[in-house]
Structure formats: structure tokens, C-alpha cells
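Undergrad: Got a sequence here, can you model it:
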Amino acid sequence: MKKLNLEKIENLITNFINRYNIKNILLAISGGQDSIYLIKILEKLKKKSYYKYLQTSYIYVDHQWKNNSKKQIQHIINYIKLVNANIIIYQINKITLSEDECRKYRYNIILQHAIKYKFKLIITGHNSTDKIETFIQNFIKGSGIESLNNLAIKSRVFQEIFILRPLLKLNRNRIYWSCKKLYLPIWSDSTNYFYKIQRNRIRQEFIPYIKQYLHKNIENNIKYLINNYHYQNEYIKQNVIKLYLKSKHNKRTAINYIKINKQNFILQIKTIQLFCFHNLQIYLETQKIIKIIKQLNKKLTNVSKIISHSSFIFFIHKNWLYISIKT
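TA: Numbers count the residues shown, from 1 in each chain. As a prediction, this is how the structure comes out:
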């Protein structure tokens with residue numbers, strides 16, 4: 001194990017703590033090697049004299065996927081007791097193997113807990129292998145460029161609540177051997193071999209197949225691609241914001257669609273999406289945005305209804321695209 005790994009992760013966490021004046025941390029754990037490794041880092045950090053004020057708490061969400069889930073919970077509790085820390089355990093009564101559903105339940109529980117008990121920082125154990133697997137999942141779903149790179153090292157999730165993913169530079173294998181070197185009690189999770197879960201099939205079959213028969217450096221190539229997509233997405237977002245500010249009405253809930261129609265097609269889509277989100281807090285699907293753009297291209301001159309969505313109506317008048325509440 002390179003000692004540098006521990007130091008880099010510790011420095012990342014301490015810099016974040018100092019920058020945002022963090023007093024308490026909520027670590028979302030799964031009981032696997034990533035969680036155990038992070039517990040070790042946090043408890044080591046708290047022993048430093050200038051961080052003794054730091055309060056840490058651990059949260060675990062049990063999806064009841066396996067028969068021995070109670071034993072795993074007891075294993076986690078025993079280890080948390082060993083480091084003299086606190087843990088909160090939530091149990092989901094509705095058992096499902098849908099990874100998307102479980103993720104929504106889990107994130108909602110963790111965020112609500114953080115809001116209720118005023119945690120400013122949530123730390124998760126996502127690593128670089130998770131990032132690659134998430135990229136492949138989103139690619140299969142046909143997600144847009146912004147979703148292909150949705151695991152960032154840090155992100156704001158609610159007002160002054162942040163999520164930090166300090167292990168994103170390390171892959172699963174390196175974390176495993178780091179835990180071995182530190183003699184940490186890793187729990188072998190049998191759900192990693194449930195092939196009904198798409199991520200497991202990607203991890204156990206899809207990536208190994210590509211590495212053996214198509215390209216042995218597939219993981220590094222995906223990392224490079226994710227990095228490129230990040231900068232491309234940032235460039236698009238900056239131009240969308242500029243276009244929206246130039247196009248929006250000074251007083252009314254409207255944008256000048258003549259100015260928007262002159263731009264690149266993807267900028268048109270993103271600007272109308274931003275217009276909807278900024279004014280209504282709704283995310284309009286790309287297909288509906290395309291329908292709106294097609295209607296705008298017909299160059300209608302009178303007041304004309306374009307499309308309706310939920311309780312809102314989109315219509316045009318002169319050069320402006322308006323949003324109105326249904327009456």
C-alpha cells in the first residue's frame with residue numbers, strides 16, 4: 001500500500017472541512033471495504049489535536065437483500081463500537097432488487113437524516129471502479145452527456161449540505177489491498193454476485209470480457225472519456241447560461257425564441273430546459289423540448305399554444321415563448 005493514498009485522501013477531507021467550516025460529518029456506509037477504509041481515515045483524523053472538535057456519525061441503510069443481513073449489521077455495529085463512534089441503521093421494509101429504486105430510497109433517507117440532524121457534509125465510499133460502472137449503466141440507458149459523468153468528488157445536494165467522495169481516485173483493487181495492509185475487518189458481501197443486479201453483471205462479466213477479448217485498457221480509456229465529457233459538458237453549460245440570460249424577458253416568464261433559434265440545436269434544447277427549471281422547478285424531457293423547437297420553427301405570428309405539460313401551457317406571442325398556468 002502506498003502511504004501517499006491515505007495522505008491524499010486525508011488532505012482532501014481536511015481541506016474541505018477547513019474551507020466550509022465543517023463541524024460534523026455523516027458517513028454513509030455499506031459495510032464493504034470502501035466504508036471500512038473511510039472509517040479508518042476519519043477516526044485517524046479525529047485523533048489529531050486540531051480536529052478533536054469534529055463530530056462524526058455513521059449511517060447504514062439495510063435493503064434486506066440477503067438472508068444474513070442481520071449478521072452483517074452486527075458486524076458493522078461491532079466495528080463502530082470498536083472505534084467508539086455512533087451509527088444509525090435504517091431498514092427498508094419494501095424489498096426490491098431494482099438498483100435504481102434502492103438508490104433513490106437510500107439517498108432520500110441519507111439526505112433527510114442529514115437535514116434533520118444538521119449535518120453539513122455527507123461522505124460516501126464511491127471509488128473509481130464505481131464511476132466506470134455508473135458510466136456504462138448510463139450509457140446503456142442512452143443518457144445525455146451530463147449524466148455520463150454524474151459522480152463528482154464533491155457536489156452540493158441541498159442548500160448548505162455537501163457530498164464528498166474522497167475515494168474516487170482509487171480503484172476497488174487498491175482499496176482492497178490497503179484494507180489488507182491495515183488489517184481491517186472486511187465483510188464479504190454476497191449481493192455482489194446477484195446477477196439480477198445490472199451493476200454486478202457489468203462488474204463480473206461485461207468488463208472482464210472486454211478486457212480479455214477487445215481492449216485490456218478499457219477502464220483507463222473510460223476514465224479518459226469521462227474526463228473529456230466533463231470539460232465538454234462544462235463548456236455547454238456556460239454557453240447555455242449566457243444564452244438564457246441574453247434571451248429571457250426582463251419582467252415576464254418568457255424567452256426570446258428568435259435569439260435561441262439562431263443557435264446550435266443542443267444549445268436550444270438546454271436553454272429551454274434551463275428556462276423551465278429556473279421558473280417552474282421542473283425538468284422537461286428532451287423529446288418534449290424538441291417538439292417545442294419544431295413548433296417554434298414554423299414561425300407562427302399570432303398567439304399560439306405550443307404544448308402543455310402538467311399544469312402549464314407553453315405559447316408564443318410575437319418573438320417570445322411564454323409559460324402560463326392552466327386555468
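
Undergrad: quick one: secondary structure of the residue lying closest to residue 307 once chain neighbours are set aside?
TA: The shortest distance from residue 307 to any non-neighbouring residue, by C-beta to C-beta, 6 or more residues apart in numbering, is to residue 314 (5.1 Å). C-beta here means a position set from N, CA and C on the backbone, and glycine is covered the same way. Of the three states, residue 314 takes strand according to DSSP: H, G, I helix; E, B strand; the rest coil.

Undergrad: do residue 119 as well
TA: Once three-state DSSP is applied, residue 119 turns out coil.

Undergrad: quick revisit: what residues are up against the residue nearest to residue 307?
TA: Counting by C-beta atoms under 8 Å, 6 or more residues apart in numbering, residue 314 touches 292, 305, 306, 307, 308, 321, 322, 323, 324.

Undergrad: and the fourth one, that one's in a strand?
TA: When you say that, I think you mean residue 307. Yes. Per three-state DSSP, residue 307 lies within a strand segment.

Undergrad: got the buried residues for whichever strand or helix holds residue 5?
TA: Assessed by DSSP states H and E, residue 5 sits inside helix 3-20. The neighbour-count check on helix 3-20 (16 or more other C-beta atoms under 10 Å) flags 5, 6, 9, 10, 12, 13, 14, 16, 17 as buried.

Undergrad: ok, so what distance separates the residue nearest to residue 307 from residue 325?
TA: Distance, residue 314 to residue 325, using C-beta to C-beta, to the nearest Å: 12 Å.

Undergrad: Over to residue 250?
TA: Applying C-beta to C-beta to residue 250 and residue 325 gives a distance of 20 Å.

Undergrad: Are any of the contacts of residue 314 buried, and if so which?
TA: Buried, going by 16+ other C-beta under 10 Å: 292, 306, 321, 322, 323, out of those.

Undergrad: Max pairwise distance over these: which two?
TA: Farthest apart among those by C-beta to C-beta are 292 and 322. That separation is 11.8 Å.

Undergrad: Pretty sure residue 161 sits against residue 113.
TA: No. Between residue 161 and residue 113 there is no contact under C-beta atoms under 8 Å: 10.7 Å.

Undergrad: Identify the contacts common to those two.
TA: residue 119.

Undergrad: Could you pull out the strands in the stretch 201-327 of the chain for me?
TA: 254-256, 304-309, 312-317, 320-325 (DSSP state E, counting those that start in this stretch).

Undergrad: now the ones you listed as CSV including distance to residue 157 and mean pLDDT?
TA: Compiled in CSV, the strands of the stretch 201-327 of the chain are given as follows (distance: least, C-beta to C-beta, whole Å; pLDDT from 0 to 100):
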stretch, distance to residue 157, mean pLDDT
strand 254-256, 28, 94
strand 304-309, 26, 77
strand 312-317, 26, 86
strand 320-325, 27, 87
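
Undergrad: okay if I get the ones you listed as a markdown table plus distance to residue 233?
TA: Shown next, in a markdown table, are these (distance: least, C-beta to C-beta, whole Å):
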| stretch | distance to residue 233 |
| --- | --- |
| strand 254-256 | 22 |
| strand 304-309 | 25 |
| strand 312-317 | 26 |
| strand 320-325 | 25 |
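
Undergrad: is it fair to say residue 88 lies in a helix?
TA: No. If the criterion is three-state DSSP, then residue 88 is strand and not within a helix.

Undergrad: Look at the closest residue to it other than its chain neighbours and give its secondary structure.
TA: Computed as C-beta to C-beta, 6+ apart, the closest residue to residue 88 that is not its neighbour in sequence is residue 59, at 4.9 Å. Three-state call for residue 59 (three-state DSSP): strand.

Undergrad: Residue 59 against residue 112, yeah?
TA: No. With contact defined as C-beta under 8 Å, residue 59 does not reach residue 112; the gap is 10.6 Å.
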